[in-house]
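> Take this sequence and fold it.
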Amino acid sequence: MRRFLAHAHHRPSQPLFTLSSGKFLTRSRLTNVIRRLLRATGLSMQEAKRYGTHSLRIGAATDAAASGLPSWLIQAAGRWKSAAYQRYIRSPRKALMRVAPALAAQAQS
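Purely as a prediction, here's the structure:
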């Protein structure tokens, strides 16, 4: 980190990471990058606008839970001070798609 800071000529008053142009990586710029990448995958602008920096928090919490990380670690990694992190964890679609057939099979037995 010290080498990075020396190489980047970082000042304590500046954001830690900058773009190659020297501009700061703001939330707005990161949102634009995310949406541009989504558009490159074939999503429409309307679909891409559904995603932003908040999607990264949701994705990280969801992946951490799916990987079996303990809840206290998910909460700490996301810097949540309450159980609000639980609202960020999404159930994988494959898991949700197994619910109806399982309920139907249970009802038939």
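> Now name the helix or strand holding the spatially most central residue of the chain.
Nearest residue to the geometric centre of the chain (Cα atoms, centre = their mean): Leu56, 1.6 Å. Using DSSP states H and E, Leu56 falls within helix 53-66.
> Of all the residues in that helix, which ones are buried?
Buried residues in helix 53-66, counted by 16 or more other Cβ atoms under 10 Å: 61-62, 64-65. C-beta: built from backbone N, CA, C; applies to glycine.
> Need the max-distance pair from these.
Farthest pair in these (Cβ to Cβ) is Thr62 and Ala64. Separation: 7.3 Å.
> Now do the buried residues in stretch 70-85.
Neighbour-count burial for stretch 70-85 flags 74-75, 80, 85 (criterion: 16+ other Cβ under 10 Å).
> helix or strand right after the worst-scoring helix or strand of the chain on mean pLDDT?
Sorting the helices and strands of the chain by mean pLDDT, DSSP states H and E puts helix 93-97 at the bottom, at a mean of 75. Once the chain leaves helix 93-97, the next helix or strand it forms, by DSSP H and E, is helix 99-108.
> ok now that following helix, how far from the chain's centre?
33 Å (Cα atoms, centre = their mean, to the nearest Å).
> tell me the mean pLDDT for it?
For helix 99-108, the per-residue pLDDT values average out at 85.
> I'd like to know which elements that helix is packed against.
With contacts taken as 3 or more Cβ pairs under 8 Å, 6 or more residues apart in numbering; DSSP states H and E, helix 99-108 sits against no other helix or strand.
> Nothing else from me, thank you.
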